[in-house]
Structure formats: structure tokens, C-alpha cells
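Asker: sharing a model that was predicted from the sequence below.
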Amino acid sequence: MKLVVLLFVTLIVGALYMQLGWSRNTTPNAYETYRVKSGDLIITHTVSGIFESKNKFIVRSGMTGKVEELLINEGDTVNKGQPIVKLDCRKHNLEIEDIKLSIERTNYSLNHFKKEEQALESLYQAGGKSKQEVSELTYKIAELDFDHKRLINELKQKHLMAEHCLVHSATNGVVSDVLVKEGQIVNSGEKFAQLIDTSDIKLVSYVNEFDVKSFEVGQKIKVSLGEYDKTSFDGQITYISELVVKHEGANAVEVEFSLDNMTQGIKVGQQAIVNVETNSYLNVKIVPQEFLKFTEQGIFINFLDGDEIAAKQITPVGGDYINVGVRDELIEGMQLIKH
């Protein structure tokens, strides 16, 4: 009898265990849900850009000489008036000193002969000298006076040339190319370096010819300098070219941007990431694209209606690859079910 009761109890416990186990294993999986939020949906388009300057300046030699010292390197930032190249002007300076000595000698001779001319003129008046002697001295003085003036003009020209011994930058900018080496002989007019004007830096991007159709001059932008650089700048689109060009194998349109808070830290050639606000939908219900179901009849969402799942058709006013905005079909806080 006890054996029968024990078997009966064992069967009941086993049945309960199986029942409980079955209940746990058959609990429905949790749905992925999203609660509808209200807000402003800003549609952006991301492109890459590079800082450029349209104004480039060539620094040229003003005289023939040897490059004694380069005071710049490629990539350096220079200020207007800053020395950038020094020429070896030792020979030129010696020539200046020689001319100065020649001027002193000529000036001494000129003063001497002018005094002699006065004395000779007095003797001529007294009958002690001939007219020919006076004329010869007068002619000699004229020659010396001509040489004196020539030497003074030559000295002025040498001094002007000496100003080119130390070459200065004519603008604020960045050195993009250094075209000479120390020790190199350069001729007058030969290129030393190329500078890029940093006062006219613009951010330029080449945008796909189809994507650019959503761009307009004046649209706001947000610019960052890289994935790991948190510096950001506000700005706007300032120019959209009407020409379609080939860029990196694709048809593209040149677009220029300006920044509201440009800083000295930005350099020509530096790359940037540009987010363009192509559209905005204010005070809408924001729904992730992944919660939408697209059918031939329209766009639907699933939502929790009490304990049941219901479907509803919606008409988004706009969106991007991530979210869409809906006006009146949805209620804030409504719990959507992912399809």
C-alpha cells in the first residue's frame, strides 16, 4: 500500500515539474520596441572637404646671387614682412664699397680742379694763361662731374639691389613649395617659393551630382576636423558650381563653404567632415526607419494596443536613412513593435 502511494506522489511531482518546465520554455520572446518621441528632425548630408585658398603668391629673386640661407620650410606659416630667404651679398657689398671709394676720389678731384679752374680763369683775365688752357680744364671738370653723377646713380642702384639680399614675404600665408636650395645660384626673376594666402581660406568639397541637388547656398553646416578631433565649426554654403566635373572617377559638383569662427589653427590642405542641413521638420513624431513596414498599400507601423499588436498606416513628412518624421498619425509615447 505504501509503495502505491509513493508511486502516485512521484507521478504527481513529475507532472508538475514537466508542466512548469513547459511553461518557461514556451514564454514568447520579447519584442524590440520603441516609444515615439516628439522633436525636430534635422536632415543632414555628410561630405568630406579640404581647406583651400585661391590666392597663391610666387616669391621671386630681385637680383642674381647665391642662396646663403633658407629661413622657411614647406608647411611653415609666415607673416607679411617676415624674412624668408637670405642671399649671399658679400660680393655685392664689396662692389658698393668700391663705388663709394670711387665717388670719394672723383669728388676730391672735382673739387681740386674747380679751384684750379678759378685760379686759371684769373690768370687768363690777367693775360697769363691762354683760352685753350682754360677750355681744356673746363672740359676735364665736365668729364669728372659726369663720372661723379654716374657713380652716385650706380651706388643708388646697388643699394636698391641690396634690399633684395634679404627676401621678405609680401603676405600672410603658408609656404606650399620651396623651389630653391641653399648654395644654389639664382638669377633675377627666378622663383624662390610659393605662398598660399591664409586670409582667404575656403572649405571646398566635390559633391555627387545627384546629392548636390538638395544643397542650396545659405544652408547651415557643421564642420569637424576629424574623427578624433572634437573641434567643430558652424558655417554655411557660399557657392555651388553649375559645372559637373570628374572627381575621383565620379561626376561631381564643386561646393564651397565658409566658417563663422575660422581660427588660425586651420591650415591649407587640412581635411574636414561637413554635415550639411539639407532640410528640417519641426515638432514632429520621430520614428526609426527600422520600425517601418513598406507595402504596396503604403507605409505601416505595428504598435501595442493594450495587450494586442495592431497595425497603422502612416504618411511621413520627410526623413533620412535613419529616421522619419510623422505629423498627426502617432501619439508621443506610443510603443511601436519592430517588424
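Answerer: All right, it came through fine.

Asker: pull out the CA atoms of stretch 101-117 and give them to me as CSV.
Answerer: C-alpha atoms of stretch 101-117 as CSV (Å, rounded to 0.1, in the frame of the first residue of the first chain):
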residue,chain,number,x,y,z
LEU,A,101,85.7,105.0,-52.8
SER,A,102,85.5,105.9,-56.4
ILE,A,103,83.0,108.6,-55.6
GLU,A,104,85.3,110.0,-52.9
ARG,A,105,88.2,110.1,-55.3
THR,A,106,86.1,111.7,-58.0
ASN,A,107,84.7,114.2,-55.6
TYR,A,108,88.2,115.1,-54.4
SER,A,109,89.5,115.6,-58.0
LEU,A,110,86.4,117.5,-58.9
ASN,A,111,86.8,120.0,-56.0
HIS,A,112,90.5,120.3,-56.8
PHE,A,113,90.1,121.1,-60.5
LYS,A,114,87.2,123.5,-59.8
LYS,A,115,89.6,125.5,-57.5
GLU,A,116,92.3,125.3,-60.2
GLU,A,117,89.7,126.5,-62.8
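
Asker: run through who's touching that stretch.
Answerer: With Cβ atoms under 8 Å, 6 or more residues apart in numbering as the test, stretch 101-117 has contacts from 134, 137-138, 140-141, 144-145, 147-148, 151-152, 155. No exception for glycine: its C-beta is placed from N, CA and C like everyone else's.

Asker: give me the longest helix you can find in the protein.
Answerer: helix 90-126 (DSSP state H).

Asker: C-terminal to the helix or strand of the chain with the lowest mean pLDDT, what's the next element?
Answerer: One helix or strand of the chain scores below all others by mean pLDDT, DSSP states H and E: helix 2-25, with a mean of 41. For helix 2-25, the following helix or strand on the C-terminal side (DSSP states H and E) is strand 33-35.

Asker: partners of that following strand, with directions?
Answerer: In the sheet, strand 33-35 lines up against strand 335-337 (antiparallel) (DSSP bridges).

Asker: tell me the buried residues in the partner strand?
Answerer: 336-337 (16 or more other Cβ atoms under 10 Å).

Asker: of the contacts of stretch 101-117, closest to Ile286?
Answerer: Ranked by distance to Ile286 (Cβ to Cβ), these are led by Leu155 at 80.5 Å.

Asker: ok so, going back, just checking, what packs against the very next helix or strand once past the longest helix of the chain?
Answerer: Next helix or strand after helix 90-126 toward the C-terminus (DSSP H and E): helix 131-162. In terms of contacts (3 or more Cβ pairs under 8 Å, 6 or more residues apart in numbering; DSSP states H and E), helix 131-162 is packed against helix 90-126.

Asker: mind listing what's buried along the helix it packs on?
Answerer: By 16+ other Cβ under 10 Å, the buried positions in helix 90-126 come out as 92, 95-96, 99, 102-103, 106, 110, 113, 120, 124.

Asker: can I get the residues you listed in CSV with distance to Asn73 and pLDDT?
Answerer: Converted to CSV, the buried residues of helix 90-126 look like this (distance: Cβ to Cβ, whole Å; pLDDT from 0 to 100):
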residue, distance to Asn73, pLDDT
His92, 26, 77
Glu95, 32, 85
Ile96, 31, 84
Ile99, 37, 88
Ser102, 42, 88
Ile103, 42, 89
Thr106, 47, 89
Leu110, 52, 84
Phe113, 57, 80
Leu120, 67, 68
Tyr124, 72, 66
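
Asker: relative to Asp234, which of these is nearest.
Answerer: Nearest to Asp234 among these is His92, at 52.9 Å by Cβ to Cβ.

Asker: hang on, Phe192 packs against Glu182?
Answerer: No: if you go by Cβ atoms under 8 Å, Phe192 and Glu182 don't touch, sitting 11.8 Å apart.

Asker: compare the two (neighbour count), which wins?
Answerer: The neighbour comparison of Phe192 against Glu182 (other Cβ atoms under 10 Å) goes to Phe192, with 23 against 12.

Asker: give me the nearest residue to Val253, chain neighbours excluded.
Answerer: The shortest distance from Val253 to any non-neighbouring residue, by Cβ to Cβ, 6 or more residues apart in numbering, is to Val212 (4.5 Å).

Asker: what's around the one you found, how many residues?
Answerer: Val212: 22 neighbours (other Cβ under 10 Å).

Asker: check contacts around it.
Answerer: Each residue near Val212 by Cβ under 8 Å, 6+ apart is listed here: 240, 252-253, 255.

Asker: how far off centre is stretch 55-75?
Answerer: 23 Å (Cα atoms, centre = their mean, to the nearest Å).

Asker: over to stretch 311-329?
Answerer: Per Cα atoms, centre = their mean, the centroid offset for stretch 311-329 relative to its chain is 39 Å.

Asker: any residues touching that stretch, and which ones?
Answerer: Contacts of stretch 311-329 (Cβ under 8 Å, 6+ apart): 41, 43-44, 279, 281, 284-289, 292-293, 297-303, 330.

Asker: let's see 6 Å
Answerer: 41, 43, 281, 284-288, 298-302 (Cβ atoms under 6 Å, 6 or more residues apart in numbering).
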